[in-house]
Each structure stands twice: as C-alpha cells, then as structure tokens.
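>>> have a look; sequence and predicted model below, questions after that.
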Amino acid sequence: MSDFLDVLIVGAGPAGLSAALMLGRARRRVLLVDAGQQRNRRSRRIGGFLTRDGCSPRDLLRIAKQQLRAYPTLDLRDGVEIVSARLCASGFQLRSKTGEVFFGRKLLVATA
C-alpha cells in the first residue's frame, strides 16, 4: 500500500467499520487503525445495528474485520493507538504511540 492514503480512519466501532466498508468497496486506499478499547466491549449485546441486532460486540467486530479483509485497498491495523493528528499541506498526518506515521488526504475520527 502507498505511503499516502485516500482516507485514514481512527476507531473500529460500528461507524469506523461501516465507513471502511464503503470506502473499500469504492476502491479507496484506506487505513483503519484501532487501539482495541471499544466503548461497548463489556456489553453483552449490540442493539439497533441492522442485521446484527442482539449479537455480541466481539462477534460484530470479528465478522466485520473478516468481511473487510476482502478489500485489497483497505489496511486494518489492530492495537495501534494514535496519539496525535495534524493537518499538513496535502492532508493529514497521524502518529501512533509507537512512533509510526501515517499520511492521508482525509481523516475520519470514529472514536468516543
């Protein structure tokens, strides 16, 4: 995958996963990073999510990631904590806790 992506998505909850799916289907180069601290991780069930009403958050995440892996322009990075985001000349720059740097034209923050 190129160093400069179309979209950077921070957070793999329902909003981030849905956005990644739509962008992946549109063949956009996308990075989805997730620190693994889902807000609903202690819940038993998810309510109101079409086709998955009543499933566990863990199952939703597993199924979604499995489906997203079918899109070659989409890169999923689990366990990546973003500590800074800044606007740069051609888009956005993210820096992870471990020092990794990511660049993209657009930034979607899908965290609580």
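All right, it came through fine.

>>> can you tell me which residues contact the closest residue to P14 other than its chain neighbours?
Distance criterion CB to CB, 6 or more residues apart in numbering; nearest residue to P14, sequence neighbours excluded, is F49 at 5.8 Å. For the C-beta atoms, the positions are set from N, CA and C on the backbone; glycine is no exception. Applying CB atoms under 8 Å, 6 or more residues apart in numbering to F49 gives the contacts 14, 55, 60.

>>> check the gap between the first one and C88 for me.
Right, the one you point to is P14. Separation of P14 from C88 (CB to CB, to the nearest Å): 29 Å.

>>> determine the set of other helices and strands touching the lengthiest strand in the chain.
The strand that spans the most residues within the chain, counting by DSSP state E, is strand 101-109. Counting contacts by 3 or more CB pairs under 8 Å, 6 or more residues apart in numbering; DSSP states H and E, strand 101-109 is packed against strand 4-10, strand 30-34, strand 82-88, strand 91-96.

>>> using CSV, write out every CA atom in the helix or strand that comes right after the second one.
Heading C-terminal from strand 30-34, the first helix or strand you meet, by DSSP states H and E, is helix 57-68. Written as CSV, here are the backbone C-alpha positions of helix 57-68 (Å, rounded to 0.1, in the frame of the first residue of the first chain):
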residue,chain,number,x,y,z
PRO,A,57,-19.7,-6.6,20.3
ARG,A,58,-16.9,-9.2,20.0
ASP,A,59,-18.8,-11.1,17.3
LEU,A,60,-19.7,-7.9,15.4
LEU,A,61,-16.0,-6.9,15.3
ARG,A,62,-14.8,-10.3,14.3
ILE,A,63,-17.4,-10.6,11.4
ALA,A,64,-16.7,-7.1,10.2
LYS,A,65,-12.9,-7.5,10.1
GLN,A,66,-13.3,-10.8,8.3
GLN,A,67,-15.5,-9.1,5.7
LEU,A,68,-13.2,-6.1,5.3
